[in-house]
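Visitor: no sequence on this one, just coordinates:
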């Protein structure tokens, strides 16, 4: 009986509860370790009406889920680097699901501040980058789920419509 009394004391009960919580939490996370990352690619870029000196684009992202579970999301955030420099960012409160072994297209409006566009224009004018060929890195996050979201990365070369940089 003294062992049972010790086991049920306040401190021991808290330790037992913390240990059980750790085991359950790690067991729940173990299923995520075998998951493949999302595949995200730029499916299209369209100019949007701008305000003031800033430029705006609608970026369509094709999100592919190579996993056995569907991924629900309730928001998207994106940061775009062009030629290794911060260029544009955007957010969308779009909600949806990327089905298991499926894909979906998400639209995110991106804003390019005026001074960022000018900085890029001067940077590209003095670079060896061919006109219309802009190396990019796109980082983003699909919000939602138990972990708060899923991050993604895409990189490659794209052409920005109507930008008029580097002699286009």
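Guide: Arrived safely, thanks for sending. Nothing here was measured: the structure is a model prediction, and the numbers come from that model.
Visitor: Report the residue ranges of every domain in the chain.
Guide: 1-34, 39-158 (automatic domain parsing).
Visitor: any idea how far residue 108 is from residue 36?
Guide: Per CB to CB, to the nearest Å, residue 108 is found 23 Å from residue 36. Just so you know, the C-beta spots here come from the backbone N, C-alpha and C atoms, and that holds for glycine as well.
Visitor: more neighbours, the two?
Guide: Of the pair residue 108 and residue 36, residue 108 is the one with more neighbours under other CB atoms under 10 Å, namely 21 against 10.
Visitor: counting contacts, what elements does the one helix or strand the more buried one maps to pack onto?
Guide: Using DSSP states H and E, residue 108 maps to strand 102-112. With contacts taken as 3 or more CB pairs under 8 Å, 6 or more residues apart in numbering; DSSP states H and E, strand 102-112 sits against strand 55-65, strand 76-82, strand 85-92, strand 96-98.
Visitor: ok, and what's touching it?
Guide: 43, 48, 54-65, 70, 76, 78, 80, 87-92, 94, 96-98, 140 (CB atoms under 8 Å, 6 or more residues apart in numbering).
Visitor: and what of stretch 36-49?
Guide: Against stretch 36-49 from outside (CB under 8 Å, 6+ apart): 55-67, 71, 98, 105, 109, 136, 138, 140, 142, 150, 152-154, 156, 158, 160-162.
Visitor: quick one: buried residues of that stretch?
Guide: Within stretch 36-49, the residues that count as buried by 16 or more other CB atoms under 10 Å are 38, 40, 42, 45.
Visitor: quick one: pLDDT of residue 84?
Guide: Reading off the confidence values, residue 84 has pLDDT 85.
Visitor: In this structure it contacts residue 135, no?
Guide: Yes - in this structure residue 84 lies within contact range of residue 135 using CB atoms under 8 Å: 7.5 Å.
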